[in-house]
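In: Need a 3D model of the sequence below.
(chains A and B, ligands or ions: 2)
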Amino acid sequence: MPRGEWTYDVVVVGGGHAGCEAALAAARMGCRTAMVTLHLDNIALMPCNPAIGGVGKGQLTREIDALGGEQGRNADRAFIQLKMLNTSKGPAVRALRAQADKRLYEDWMKVVLSRTPNLDLLQGEVASLDVSRETIRSVRLADGRCVRCRAAVLATGTFLRGKVVVGDRSYPAGRVGELPARRLSASLLAAGIELDRFQSATPPRVDGATIDADRMVVQQGDSQPLSFSHWRVPALRRQVPCYLTHTTPVTHEVVSAHLHLSPLKSGSVSGKGPRYCPSIDRKLINFPEKERHPVFVEPEGVTTREMYLQGLTTSLPVFVQEKIIHATPGLEKARLIRPGYAVEYDYLPPQQLTLGLESKTVKGLFSAGQVNGTSGYEEAAAQGLVAGINAALYAQDEPPFFLRRDQAYIGVLIDDLVTKGVDEPYRMFTSRAEYRLLLRHDNAAERLSHLGHKLGLISAEQLVIVEKKQQGLAEFTDLLDTVQVRACEDSNRVLEELGTMPLEESQSAAKLLRRPQVTYEDVIRLVGSSDRERISQAPPEVVEQLEIQARYEGYIRRQMSEIRHQRATETLGIPADFDYWSLQGLTYEAKDKMSRIRPATLGQASRVPGVSPADVSVLLIHLHRSQLQRSVEMPEMSFE
Amino acid sequence: MKCNSRDLGTKCVPNKDEEKPQTKRPAKKEPVVVSTRSESAKAERQRPGGVRRPRVLVVGGGVSGCACAATLAGSGVEVTLINNALDGLGQPGYGPVVAVDEGWDGLVETLSALPPALRAAWLDASTAGDEESPFFYVDRRMLSIETKRALEDLPGLELRQALVTDIRSASDLRAASEGVSNDKSGRIRPVVVGTAFGESIGAEAAVLAVGLSLEGEVRVGDDVLPGGRYGETRAGGLREALERMGASFQGRTMDVGPWFPMPCEEQWKAACSLERSPTGERTTGGCDRRSVATRPLRDLLVALERKRLDTPCRECDGRREQIGADDGDEIRRDPEMVMRNLGSPTTWPDNYPPAPHWIQGLHVGRAILHTSSGGPSLALLSPDGVATGEMYLSEGESHRSEEDGPGGRCVSDGGYEPTAFDGSMASRPGHRVAGLILKTFGRGGGLAVGQDSSATIWVTGRAGGATGYLESLASGVRVARDVKRVLSVHADSDGWI
Ligand SMILES: Cc1cc2nc3c(=O)[nH]c(=O)nc-3n(C[C@@H](O)[C@H](O)[C@H](O)COP(=O)(O)OP(=O)(O)OC[C@H]3O[C@@H](n4cnc5c(N)ncnc54)[C@H](O)[C@@H]3O)c2cc1C
Ligand SMILES: Cc1cc2nc3c(=O)[nH]c(=O)nc-3n(C[C@H](O)[C@H](O)[C@H](O)COP(=O)(O)OP(=O)(O)OC[C@H]3O[C@@H](n4cnc5c(N)ncnc54)[C@H](O)[C@@H]3O)c2cc1C
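Out: Residues are numbered from 1 along each chain as shown, chains lettered A, B, ... in the order given. Ligands and ions are numbered 1, 2, ... in the order given. So this is what the prediction gives:
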């Protein structure tokens, strides 16, 4: 072996949330994998909020877990508060959120990575890619080492030509304290990959001993055992509270008085920032009429007193940051420990990618995470997992792996990115999914684990857990159908208490559970004593699904039939070299957009911005006529 | 002569500075009074309730900066400890190997001088071989987490994340007609530092504990990165500012690493077995490697004291001398007190999330490798902490770098194939760090006097010429005491408590 030259199947560039999932997936699928990162002390670091999950994002984390990724398990190891959000709202928006101890989160991820067979961790800066015949051949490190590979995953986060900004000051850094990746951008550009600039910012941190908790609303975690992971529920542990306060007109005055010093105004950042996780400066610009914005004060860990001020994101000068904090109730005396700042970096506009997150320009080159124009740990990890899987499949000469929009939030995320592109850092919301009643937190394993198993990421034992749960669900569904509740005085009294109509004749327990007022607990009370014992044996995760199924049966059925209806067009494949320009009847814009994006299916084509339903029918007719049609192999849905 | 290290019950050592102040500190012993100081102090005293405590800035939160800040805070001074990245606070910036240059007694001496919480952090995070092997190994990650926790809990100590790019004395400020107040009470503080994000922070004194970051460069193979430690952003401007104040510099270089993945699964298993062996000892190795039994450093030190207890003391006719009275100069080492103060291991609460480095009884050791041709005949692989899964490679025990204690070889340095060892690629390649230390300030730190004799700037740790983690640690404590002493002289005129 020549000096300084090494060979791997898959090289992952970056040790953030995307890089970790990508590296683990590829190694677990049997590829010899190297993860190259700038600093091995900063693995899976959370540079912004100390939390995993939340509405939209929590679903992603559950799906990652169901497919055999690490984020959910790791959040379970490091959480210091767990909370199920939106329990009073519909099941589609229910989601788990964990406050995590940042340092422990990093440590555990490092432990997992370093114990994974087939995976080597390397510290270094990837300076360039060797590409020949439009295919990746190797990556070169700045220190002179060369790593040959069959596939590479770029997960460089905020580091490509990164600079950090506060007020009118800035200096090159990937995050505060860390050097940026200085060279890789030039090599990507040379390979024909386009880059653009984005910007993101983080709020200041304060000393938790200097906040006035009495002036804020205490927010406790849930006391029942919960977990992201489907495979093991962590033991109950002490939970640390968060606090809620809000900005006031005085806070807003302070911000307004100094807006001219904001990098947004002064032009010291050029990249576009996130609309959905806006800085306090931007919030005031966008919503001048609002008198208060919430501020969540969240602990960063159990070994530190530092608290994160969610809602006060800003890159105004430090003295202004202090004023803003002090003008916020409960934070009058809070002492600033880390100033907030913004970071500006190169990202790769994701329309250059396939649904498998492979570059359309360089074969074997995949990308994932913040570098694809997203923001958030969960979005990064989800893409990392898919990119890692596809890099491994590519290295093994296997066809790529996709998830559809009706299958997973991960499918929605990637389809949105590569089809519509981004004009600001992309963040997941439940409203982005059209079938969100099907893509729930509670059924992620049923939806996806068999796919994870096929890929080699979910073990047979894990699959047994999922199958058992499904069996249980079927069993209890049948049971509820057969068990009758009699129209007697006792049961009608209970029903009246619950505020629902009394029974005139016996009814199945299943029917009763469809009533919005009646919970599974109530059904247990209502059924006769002979059935009570059997019914009350349903495990909690089965109960949750029974309730959801009963109550939302109609909606769920409607969404399923919609999906079935659209399946034919959705999966109708378009050849990668299809000539849109020669097709009569398409608008100019549709031709232009589609020949750039190169949608893989008619479904994807229909979502390309600028493509109208008329364009889609032209395409459909043509595909049918020209015998080009061929259904794209897509993983089957398990709950049909 | 007062004993500084009483709380560990060690024998009283005279403060070396006091013994030979001329050689240690080239500058005048008397502190320099900045003219603005007394005026502002007067104003201060006129305010009702105008007593306040002096504030000192410590720039750099490596080994020496943390020791310095904690000691200052413990002596009633208000401290702001500034570090470039708070996540790396207290982290020994290089390898995990600590040379015990002054013997085990010397180590006890150094540890004894630390504030108790910081001492506990070092003891909890450290593992040693046997008495004959003059090294111990620190879990750098654990030390960093525990140091930060200890510092956050100290009253009077504030942490701040910032990259310092400028430092000025008040007279400079006045010359630049910027002589406006730089603290909330409206007075002028004699030292002001500026940061990369445009902050100005004022104080009565500043201690520089910036390691090799002044003009620091890290050479990794063909690449040269800025910074005093690998991967850190570097502060421009600080050296120029110091130069303007008359400081002079000297270049230093030092090699670190490389690191390798833990060699094999068995080794990892041995390291990670959650059960504790009956003796509490753990071995690493197998895989044809000679392994070294290790134990917590605290246990080794306690065992040494116990031995002392069992051996009659010749000097004092077989009687073990108890600790003397408060005013007594002759305070002898009291092994029982030493043991007490070494304390027992901190435990990680059961109801906290599990922490890899806190798993009790988990102490990894060091393997000695016999390398193949071309390299040193003996190389040491030391675990870099429990959570990292990496081993630090250094050359044989006989080899010690002149300057900085044990280090590795640089990638570009040849000798042996440094990027590959025993068939695996280095996880972190070795690198060479070059940077400037401050000459004017004297070895190990001292009072800095600018050309106009107005600045109150000190230097400690590597930046002041200390070598090795332990010397840096001791230097941080020593400089803290010096700073405190000088500030006390001002106490009267400035109305401090
Ligand atoms: C390459 C090398 C290898 C070594 N290996 C060993 C070894 O294996 N064992 C051993 O015992 N000793 C070793 N030493 C010697 C030892 O003295 C270390 O240098 C020791 O860590 C010094 O501690 P320190 O606190 O002075 O500086 P450092 O540990 O370097 O800490 C400096 C701190 O200041 C921060 N900082 C720097 N500039 C700024 C700024 N402008 N603004 C804000 N923050 C700033 C840095 O981020 C860092 O946290 C080594 C030294 C070197 C240079
Ligand atoms: C200041 C700031 C503010 C943020 N604000 C928000 C927010 O408001 N909301 C939100 O949801 N998210 C926010 N985030 C983003 C969140 O941190 C990221 O979405 C998430 O960490 C992205 O994960 P990633 O894996 O894509 O990249 P990162 O976590 O950034 O990891 C990138 C990794 O790649 C490595 N790397 C980069 N280039 C190279 C190279 N050339 N060679 C080798 N290694 C390389 C780096 O060392 C690093 O390990 C913010 C991040 C920052 C820094």
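In: Can you tell me which residues in the stretch 1-150 of chain B are near chain A?
Out: Within the stretch 1-150 of chain B, the positions lying close to chain A (Cβ under 8 Å from any Cβ of the partner chain) are B:Asn84, B:Ala85, B:Leu86, B:Asp87, B:Gly88, B:Gln91, B:Arg141, B:Ile145, B:Glu146, B:Lys148, B:Arg149. Yep, even glycine has a C-beta here, placed from its N, CA and C like the rest.
In: wait, what's in contact with the last one?
Out: Which is B:Arg149. A:Thr303, A:Thr304, B:Ala121 (Cβ atoms under 8 Å, 6 or more residues apart in numbering or on different chains).
In: cool, and the third one?
Out: Contacts for B:Leu86 (Cβ under 8 Å, 6+ apart) come out as A:Glu306, A:Ile337, A:Arg338, B:Gly61, B:Lys148, B:Leu159, B:Gln161.
In: Can I have the buried ones of the contacts of B:Arg149 as a PyMOL selection?
Out: Those of the contacts of B:Arg149 that count as buried under 16 or more other Cβ atoms under 10 Å in any protein chain shown are selected in PyMOL with:
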select buried, (chain A and resi 303+304) or (chain B and resi 121)
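In: Ramachandran coordinates for A:Ala26?
Out: Dihedral pair for A:Ala26: phi -60, psi -40, per degrees, to the nearest 10.
In: Isn't it up against A:Cys20?
Out: No: with contact defined as Cβ atoms under 8 Å, A:Ala26 does not count as touching A:Cys20 (11.2 Å).
In: between the two, who's got more neighbours?
Out: Per other Cβ atoms under 10 Å in any protein chain shown, whichever of A:Ala26 and A:Cys20 has more neighbours is A:Ala26, with 34 against 31.
In: If the residue of the stretch 301-450 of chain A found nearest chain B is in a bridge, with which residues?
Out: Residue nearest to chain B within the stretch 301-450 of chain A (Cβ to the nearest Cβ): A:Arg338, separated by 4.1 Å. With DSSP bridges applied, A:Arg338 shows beta-bridge pairing to A:Arg205.
In: residues near it, how many?
Out: A:Arg338: 21 neighbours (other Cβ under 10 Å).
In: Report the contact partners of it.
Out: Going by Cβ under 8 Å, 6+ apart, A:Arg338 touches A:Val176, A:Pro204, A:Arg205, A:Glu306, B:Leu86, B:Arg160, B:Gln161.
In: Which single one of the contacts of B:Arg149 is nearest to A:Pro225?
Out: A:Thr303 (23.7 Å; Cβ to Cβ).
In: Longest helix of the chain, counting residues only.
Out: Looking at chain A here, since you left the chain open. Secondary structure of chain A per DSSP state H: the longest helix is helix A:540-570.
In: Oops, wrong one, chain B.
Out: Ranked by residue count and defined by DSSP H, the top helix of chain B is helix B:468-494.
In: Could you work out the end-to-end span of stretch B:192-207 for me?
Out: Terminal residues of stretch B:192-207 are spaced 12 Å apart (Cα to Cα, to the nearest Å).
In: for whatever residue of the stretch 351-500 of chain A ends up closest to ligand 2, what are its contacts?
Out: Nearest residue of the stretch 351-500 of chain A to ligand 2: A:Gly369, at 2.3 Å (Cβ to the nearest ligand atom). By Cβ under 8 Å, 6+ apart, the residues touching A:Gly369 are A:14, A:16-19, A:155-157, A:379-381, A:383-384.
In: one more time with 7 Å
Out: Shown in contact with A:Gly369 (Cβ atoms under 7 Å, 6 or more residues apart in numbering or on different chains): A:Gly16, A:His17, A:Ala18, A:Ala155, A:Gly157, A:Ala380, A:Gln383, A:Gly384.
In: Contact residues of the stretch 201-350 of chain B facing chain A?
Out: Within the stretch 201-350 of chain B, the positions adjacent to chain A are B:Val220, B:Gly221, B:Asp222, B:Asp223, B:Leu225, B:Gly231, B:Glu232, B:Thr233, B:Pro261, B:Met262, B:Trp268 by Cβ under 7 Å from any Cβ of the partner chain.
In: Repeat the analysis, applying 8 Å as the threshold.
Out: B:220-223, B:225-227, B:230-233, B:259, B:261-262, B:265, B:268, B:349.
In: before we move on, what SS does the residue nearest to A:Glu505 when sequence neighbours are not counted have?
Out: Spatially, and ignoring its direct neighbours in sequence, A:Glu505 is nearest to A:Ala487 (5.3 Å; Cβ to Cβ, 6 or more residues apart in numbering or on different chains). What DSSP: H, G, I helix; E, B strand; the rest coil gives for A:Ala487 is coil.
In: Give me the neighbour count for B:Glu215.
Out: B:Glu215, neighbours per other Cβ under 10 Å, totals 16.
In: What of A:Val618?
Out: 17.
In: and the strand or helix carrying it, what does it pack onto?
Out: Element membership of A:Val618, judged by DSSP states H and E, is helix A:613-625. Packing partners of helix A:613-625 (3 or more Cβ pairs under 8 Å, 6 or more residues apart in numbering or on different chains; DSSP states H and E): helix A:602-607.
In: And for the helix it packs on, what's in contact with it?
Out: A:355, A:405, A:415, A:419-420, A:566, A:569-574, A:594, A:597, A:599, A:611, A:613, A:615-616, A:619-620, A:623.
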